[in-house]
Structures are given as C-alpha cells and as structure tokens.
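Asker: the sequence and its predicted three-dimensional model are supplied below.
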Amino acid sequence: MKPIFSFFLAIFVVFLSNAMPSGAQNVLTGADQTECYLPLLKDKKVAMLVNQTSVVRNRQGELTSLVDSLINLDIDVRFLMAPEHGLQGLVSAGDPIGDTHYEKKKNLIVYSLYGKNKKPQAEWLKEVDIVVFDIQDVGCRFYTYLSTLKYLLEACGEQQKEVLLLDRPNPNDTIDGPMLKSAFQSFVGMIEVPLMHGCTLGEMAQMMIGEGWIGAQKPKLTVIPCSGWQRGQSYSLPVAPSPNLRTDHAIRLYASLCLFEATDISVGRGTDWPFEVIGHPRLKGDFRFTPKSCAAATNPLQMNTLCHGYDLREADVPKGFHLDWLMQCISQLGPACIKQKTFFDRLAGNDQLRLMITDGKTAAAIRASWQPELENYRKMRSKYLLYR
C-alpha cells in the first residue's frame, strides 16, 4: 500500500469511527451468523462481492473483515469483486476503478465492477462454484449497489453458479417516490421499483429472480436473513456505505437530496457535511459553505464557490422521499438549474416528476400521482418479504 493512500485510509477510518453511531447493534446481520453459512462454503471454490461494509462482529463485539474471517476459516477464496467506490469505499462517486489486489493477500485479485466491467465476466466465474455477496445498501433505487447485485444474479444465472447473499437491514425501510419506467433504465435505475423500494437486498434478490427481471437463466440463491431486525426498525450503520454518506442523518436525507446531483445546486460534496446541507451562489439562506476538492469528492459541484442555502444537520426528517427542498430551490432559481435533464429523469425513474415540478404542480398532486403504482408494487413485494 502506498504511504499516501495509507494516510488517507487511516484518516477516513478515524472519521467513520467518530461519525457513525454504534447503537442498535442487537441485530445480527447475515454475515454475523457464521454457523449458518460456513457449511455452504465448505470444499467449494468461492468468489466474494464485497466492500468496506462487509464486516462481522467477533465475540468481543469488534468489527473485522468478512474476507479475512473466511480466509482464516480456511475457505477457498479465489477472487474478490468490488462495486462503485471500490473495495475500501474511498473512491469518489462516478470515478472508474481498475482491478487491484487484496492488500493482505497480494495474490488475491480484486475485479472492479465499476470500470471497464459492470457485470462479472464468464471467465472469472468459471473458476468458482459459489459467489458470496455481502454489501450494505441504503434502500434507494439509484444507489448503484442494487444494480451491481442485478448484474451478479444475471451472470451467475448464465454460468449456473450459486449465490450466497448475507443480508443486512435497510436503514431507509419505507416505500416512497416515483416508479421507474423501462424507458429510463440505466445503472442508476435498472429495475422497475419505486425510488425508495422498502426491501433489503436479500428481498430484492428474491424479487429480481421471482419476477424474471434477470432473464430466464436463474442462479441458485441462498439468503441468510438478519436476526433481531424487524420491518421498519431503525438501524445505525456500523460502517459508512460510501464516502459521502457518513452519518445516519445523511443516509436518511439521501433519498430526497440525490436528485440535486442533476442540478447546479450543491448538497455538500467537498465539505464536512455531504448530503446534510444545500447551497448555491444565488440561493436565499443564512447558511454558507464553500465546497473544496478532496479525496471523497475530487471535483465537487460549485467547487471553490461560496454557496448560500440550508443547514439540514439538525432537521427532523421522517423516513421517506421529501419534495419540499427540491421544489423550493427550483422555485427560487428557475427550471434552468436542472442542468442535466436526462440524468435527473434517470434518477427519478421517469420524466413526469421533472415536468410536474416545472409545470408548477403542488407536492400533494405530485405525490398523489404515484400512489396507484405504489399500491400495486406493495402487493407484488409482499411475496418476497423476509421480515415482518
């Protein structure tokens, strides 16, 4: 590991240990329940799709890498795969990542699924019998770990490989927001579910297979559910899921603020409060900040520009997708602040949200337009729920 990388990694780990609360950990994730899945891996050649959130708790309650845990238990791990942000979760959003090697075992390759390949390649999978998937999600359709899971299921179905998914709670466990329309599919929205889908990734994997969204060739899927977590229960993540979701509060706000990424309005990338503040040079608001380039945001929106706006760090934010901040900012700055209309529509899942906002529709009218599709989705989703 290069010295400068080691320095930034150490700083990031210290920051996370201070920023991410440690409470609500009576929950056992799928990964924590080693006795449930070790027999499924014995005498098999194993690949792993993991990142910095792929951790297990030891008997002292300390977190340790799932990769290290399985290697120490003599599981035959042949290679790793990593999603957006990389294996350590340090790479800025959208930055492509090349293949690397695991720092603690140099002959163990880490294939990037956010570079030249987004789907596991057939030649990789021919080396193994089973793929272990263990990644923390945040319950939003446009968070790309969900798309990476879809590609994994497709690839393993085509190669007839088993998938072992170690489930984790959904910290935004609610159903809200517009549905994705097929014409707007992209890597930030690949399946026709609401913006907030209200499922764990274990439930989503079952849904993708059960509804035929990964094609006719289906892998054998085994999900190890969480223990001690119930539907809708709050969950404090022990490790930040990506560089700019550093606190539980940012994770709660993420669903409502991510659409700003298609505008010229900053949500705090390049500050100490990403996804907890909103700002623009022409916004009215008493709060001020200036985004700067940093490891977690190499070219943030409004870089080196003084922004005025809103500090949401203490805001009381119920679960759900909230339109008020977006509509208020567009009302002040005008529809031209949506600089990337195509990207906005892909994040939203359709073009109706943008058109209704710019046409002056009320938040109540916009929300009402989603409800029939959300009700149909709830009925379909009920077949795949692992938690009640």
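Answerer: Structure's in. What do you need? Numbers count the residues shown, from 1 in each chain.

Asker: what does the helix or strand encompassing residue 36 rub up against?
Answerer: Residue 36 is located in helix 34-41, with elements delineated by DSSP states H and E. Applying Cβ atoms under 8 Å, 6 or more residues apart in numbering, the set of residues contacting helix 34-41 from outside is 30, 56, 69-70, 73, 75, 130, 132, 164, 166, 222, 224. Heads up, the C-betas are built off the backbone N, CA and C, glycines and all.

Asker: tell me the buried residues in stretch 310-330?
Answerer: By 16 or more other Cβ atoms under 10 Å, the buried positions in stretch 310-330 come out as 310-312, 319-323, 325-327, 329-330.

Asker: about what we covered before: list the buried ones in the helix or strand just after the helix holding residue 36?
Answerer: For helix 34-41, the succeeding helix or strand toward the C-terminus, using DSSP H and E, is strand 45-50. Neighbour-count burial for strand 45-50 flags 46-50 (criterion: 16+ other Cβ under 10 Å).

Asker: ok, residue 44 to residue 111 distance?
Answerer: Remark: distance between residue 44 and residue 111 (Cβ to Cβ, to the nearest Å) = 19 Å.

Asker: ok, the two, which is more surrounded?
Answerer: residue 111 (19 against 14; other Cβ atoms under 10 Å).

Asker: does the more buried one belong to a helix, a strand or coil?
Answerer: strand (DSSP: H, G, I helix; E, B strand; the rest coil).

Asker: and it, what pLDDT?
Answerer: The pLDDT attached to residue 111 in the predicted structure is 98.

Asker: just use 369 as the starting number from now, easier for me
Answerer: Understood, numbering begins at 369; the last thing we discussed is residue 479.

Asker: beta partners for the residue nearest to it when sequence neighbours are not counted?
Answerer: Residue nearest to residue 479 in three dimensions, not counting chain neighbours: residue 449, with 4.8 Å by Cβ to Cβ, 6 or more residues apart in numbering. Beta bridges link residue 449 to residue 417, residue 479 when assigned by DSSP bridges.

Asker: neighbour count, secondary structure and pLDDT added to the contacts of helix 402-409, as TSV?
Answerer: Output for the contacts of helix 402-409, formatted as TSV (neighbours: other Cβ atoms under 10 Å; DSSP: H, G, I helix; E, B strand; the rest coil; pLDDT from 0 to 100):
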residue	neighbour count	secondary structure	pLDDT
398	26	coil	98
424	21	strand	97
437	16	helix	96
438	22	helix	97
441	11	coil	96
443	19	coil	97
498	20	strand	98
500	28	strand	98
532	22	strand	98
534	28	strand	98
590	17	strand	98
592	22	strand	98
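
Asker: next, the angle from the one helix or strand residue 531 maps to to strand 413-418.
Answerer: Residue 531 belongs to strand 530-534 when elements are defined using DSSP H and E. Angle of strand 530-534 versus strand 413-418, following axes from the mean of the first three to the mean of the last three Cα atoms, to 10 degrees, is 40 degrees.

Asker: just want the angle from strand 530-534 to helix 402-409.
Answerer: In terms of direction (the same axes, to 10 degrees), strand 530-534 departs from helix 402-409 by 170 degrees.

Asker: so which residues make contact with strand 530-534?
Answerer: The set of residues external to strand 530-534 that reach it, using Cβ under 8 Å, 6+ apart, is 397-399, 405, 408-409, 434, 497-502, 520-521, 524, 569-570, 573, 587-592.

Asker: if we use 6 Å, what do you get?
Answerer: Among residues not part of strand 530-534, those counted as contacts by Cβ atoms under 6 Å, 6 or more residues apart in numbering are 398-399, 405, 408, 498-502, 524, 570, 573, 587-592.

Asker: filter the residues you listed to the buried ones?
Answerer: Buried members of the contacts of strand 530-534, scored by 16+ other Cβ under 10 Å, are 398-399, 405, 498-502, 524, 570, 573, 587, 589-592.

Asker: for residue 571, phi and psi?
Answerer: Phi and psi for residue 571, reported as degrees, to the nearest 10, are phi -70, psi -40.

Asker: would you enumerate the residues in contact with it?
Answerer: Contact partners of residue 571, counting by Cβ under 6 Å, 6+ apart, are 752, 754.

Asker: again, only using 7 Å
Answerer: 752-754 (Cβ atoms under 7 Å, 6 or more residues apart in numbering).

Asker: sorry, back to before: let's see which of the buried residues of stretch 678-698 end up in helices.
Answerer: The members of the buried residues of stretch 678-698 that map onto helices under DSSP state H are 693-695, 697-698.

Asker: now for those: which two are most distant?
Answerer: In those, the most distant members under the criterion Cβ to Cβ are 693 and 698, with 9.7 Å between them.

Asker: endpoints of stretch 667-677, how far apart?
Answerer: 20 Å (Cα to Cα, to the nearest Å).

Asker: any buried residues in the helix holding residue 404, and which?
Answerer: When neighbours are counted by 16+ other Cβ under 10 Å, the buried residues of helix 402-409 are found to be 404-405, 409.

Asker: skipping its backbone neighbours, what lies nearest residue 660 in space?
Answerer: That would be residue 638: by Cβ to Cβ, 6+ apart, it lies 5.0 Å from residue 660.

Asker: surely residue 726 and residue 705 touch.
Answerer: No - distance between residue 726 and residue 705: 10.5 Å, which falls outside the contact criterion (Cβ atoms under 7 Å).

Asker: neighbour count winner among those two?
Answerer: When residue 726 and residue 705 are compared on other Cβ under 10 Å, the one with more neighbours turns out to be residue 705, at 17 against 14.
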